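Colleague: build me a model from this:
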Amino acid sequence: MGKRRIFRKILAVCLCLAALFVTACGDKDTNENSGGEQAKTTSKAQIKIATKNTPEQNVLAHLAKNLIEQKTELNAEVVYYDDSTSASLLERMENNDIQIFFDYSGSLAVNALEMEREDINPPTLLQDVQNTLNKKHGVSVSEEIGYSSTTALYMSIARRTELNSPSTLSEIAKMSPDLTIAMNEGFYTRIDCFEALCKQYGMEFKEAKAMDEERGFRALMEGDIDLYIADSVSPYLSLLDVKQLVDDQYFFLPQTTCCLVSQKALDKYPELEPALKNMEGLINTSRMSLMIRRIYWEGNDVDEYLYTYLRANNLI
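Modeller: Model prediction:
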């Protein structure tokens with residue numbers, strides 16, 4: 001009898017433990033399932049916007065982020081890639097690591113699509129890039145954001161007036177023997193930059209110098225040089241009375257700024273297209289120069305500044 005009692009006690013303990021185990025497992029499954037359902041109903045889709053991590057690219061990415069989050073139910077994240085190329089960002093898009101990035105028609109043509117320079121028709125370059133990326137890569141490319149991000153030759157407005165207001169590089173070429181020009185060291189020393197520019201336009205400057213941007217624009221305004229070569233969206237454009245001259249022979253490939261969106265993302269989230277449509281024609285060269293100056297020189301918060309800009313333009 002003692003053995004039977006012991007056996008019954010052991011059996012009862014085992015049954016209790018088994019019941020507790022089943023209950024615990026059931027609670028765990030219930031909690032996990034309910035948590036999953038809750039996450040499913042409250043989470044928003046995450047749209048990743050890539051940037052090459054330059055001031056200009058970051059401004060564009062944060063503008064898109066503001067538009068997406070204010071005009072849709074989607075979340076957007078800006079992802080920074082240092083030293084990225086058009087080709088590497090396109091590859092990330094095809095791998096679905098990112099859904100949006102901003103780029104330039106010339107860079108896309110040469111770097112991402114590997115088009116030969118002699119096969120490029122500058123006036124139709126953006127359209128050609130749009131068609132090729134859509135057909136071969138399933139990527140939608142917007143119309144121009146409103147400006148070309150390229151290299152530009154600057155002249156002070158006062159000096160330009162003295163010279164009867166030349167507007168093109170071809171006009172400057174005729175005057176070049178009487179003019180002094182400056183640029184950064186990299187552009188000055190590379191044979192495919194300054195030397196090639198002079199060869200294409202037949203320029204023979206009185207003097208050419210290497211200067212960093214700050215010193216170069218100061219020299220330009222003080223009349224020590226006649227021309228300075230710099231980025232077309234340099235903050236100095238919005239700060240000083242300077243004028244960019246037209247590259248009428250297309251030495252620099254057109255770099256029309258545009259927005260690239262994965263077609264998969266557009267199909268899945270159709271609300272993206274009308275939200276991003278607001279980017280087209282939104283920013284001209286002077287405006288981008290000013291935005292970079294306000295944010296990166298004067299220290300304004302990028303999201304707050306751009307949110308205010310979009311509100312002021314009745315876009316959000």
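
Colleague: look at the nearest residue to residue 52 once chain neighbours are set aside and tell me its secondary structure.
Modeller: The shortest distance from residue 52 to any non-neighbouring residue, by C-beta to C-beta, 6 or more residues apart in numbering, is to residue 84 (4.8 Å). C-beta: built from backbone N, CA, C; applies to glycine. Secondary structure state of residue 84, per DSSP: H, G, I helix; E, B strand; the rest coil, is coil.

Colleague: report pLDDT for residue 84.
Modeller: pLDDT, the model's per-residue confidence, is 93 for residue 84.

Colleague: residues touching it, list them.
Modeller: Neighbour list for residue 84: 50, 52-53 [criterion: C-beta atoms under 8 Å, 6 or more residues apart in numbering].

Colleague: can I take it that residue 260 is in a strand?
Modeller: Yes: counting by three-state DSSP, residue 260 is found in a strand.

Colleague: is it in a bridge, and if so with what?
Modeller: residue 101, residue 141 (DSSP bridges).

Colleague: count of neighbours near residue 196?
Modeller: 12 (other C-beta atoms under 10 Å).

Colleague: what does the pLDDT read for it?
Modeller: Checking the pLDDT column for residue 196, the value is 98.

Colleague: what's downstream of the strand or helix carrying it, the next helix or strand?
Modeller: In the assignment (DSSP states H and E), residue 196 maps to helix 196-201. Heading C-terminal from helix 196-201, the first helix or strand you meet, by DSSP H and E, is strand 207-210.

Colleague: before we move on, the earlier item: I'd like the distance between the residue nearest to residue 52 and residue 115.
Modeller: Note on residue 84: its distance to residue 115, by C-beta to C-beta, to the nearest Å, is 19 Å.

Colleague: where in this structure is pLDDT low?
Modeller: 1-44 (pLDDT under 70).

Colleague: so can I have TSV of the contacts of residue 84 showing secondary structure?
Modeller: What follows is the contacts of residue 84, written out as TSV (three-state DSSP):
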residue	secondary structure
50	strand
52	coil
53	coil
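
Colleague: now render these as a markdown table, adding neighbour count and distance to residue 218.
Modeller: Putting those into a markdown table (neighbours: other C-beta atoms under 10 Å; distance: C-beta to C-beta, whole Å) gives the following:
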| residue | neighbour count | distance to residue 218 |
| --- | --- | --- |
| 50 | 25 | 35 |
| 52 | 21 | 28 |
| 53 | 15 | 28 |
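
Colleague: looking at the residues you listed, which is nearest residue 100?
Modeller: residue 50 (7.1 Å; C-beta to C-beta).

Colleague: mind listing what residue 243 touches?
Modeller: Here residue 243 is in contact with 154-157, 160 (C-beta under 8 Å, 6+ apart).

Colleague: same thing with residue 110?
Modeller: Taking C-beta under 8 Å, 6+ apart, one finds 117, 120, 253 in contact with residue 110.

Colleague: buried ones among these?
Modeller: 120, 253 (16 or more other C-beta atoms under 10 Å).

Colleague: if we can go back for a sec, by neighbour count, which of the contacts of residue 243 wins?
Modeller: residue 155 (25 neighbours).
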